[in-house]
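[1] Turn this into a model:
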Amino acid sequence: MSNSGEDLRVGLRIRCTVAELVPYGAWCEVPAVEFRGLILIPNIGWGEYRHPRDRLAVGEEHRVEILRYFQEKEVLSLGLKPVLPNLWIAAGIADLVGHRVEGTVCRISGRSATVELSSGALGYLPLDQDAELELGQLIQVTVMKVDVSRQAMLVSRELV
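    Residues are numbered from 1 along each chain as shown. Predicted structure coming up:
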């Protein structure tokens, strides 16, 4: 691969080293070229991450996939998530329908919450008006419905 980046293309998997953590992602050095790449928070992994330090550290080396190449800016958009096993398939998420599982409340917004299971999968939890939840709270939920193709899961606090 040349230093000019002419061989770079979307979908190519390359190695990079985390150089700097910023609130929106991680800047990485890409040894194959003379410019940097950025892994945005949604492309870090399958879980819910508020800050890249929740999953990455400066100096770590990772295998990533090129998501976009901004040639004029000499910047790569990189993704760690595409090179990780699809947890919705690997963890057998579809097989959890009807089962009680434990999860952590990672987001609360209006009349719903997002619950992260130990596998990293996120479930949508509709809330009643009297529901009292806190961020970081560990709760028991029942998996009601899973759509693996959309990576969507509906959970409930009710026993079924």
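
[2] Show me the strands in the chain, by range?
    Remark: strands assigned in the chain by DSSP state E are 13-22, 25-29, 36-40, 61-70, 75-79, 100-109, 112-117, 122-126, 138-147, 152-156.

[3] List just the one of those that sits closest to Ala91.
    Closest of the strands of the chain to Ala91 is strand 112-117, at 8.2 Å (criterion: C-beta to C-beta). Backbone N, C-alpha and C define where each C-beta goes, glycine included.

[4] Return the list of strands paired to that closest one, each annotated with direction.
    Each strand paired with strand 112-117, and its direction, by DSSP bridges: strand 100-109 (antiparallel), strand 122-126 (antiparallel).

[5] looking at the ones you listed, which is buried most?
    strand 122-126 (a mean of 19; mean count of other C-beta atoms under 10 Å).

[6] So the protein: which segments form each domain?
    13-83, 87-156 (automatic domain parsing).

[7] Show the average pLDDT along the last one.
    If I follow you right, that is domain 87-156. Averaging pLDDT along domain 87-156 gives 88.

[8] End to end on it, go ahead and measure it.
    21 Å (C-alpha to C-alpha, to the nearest Å).
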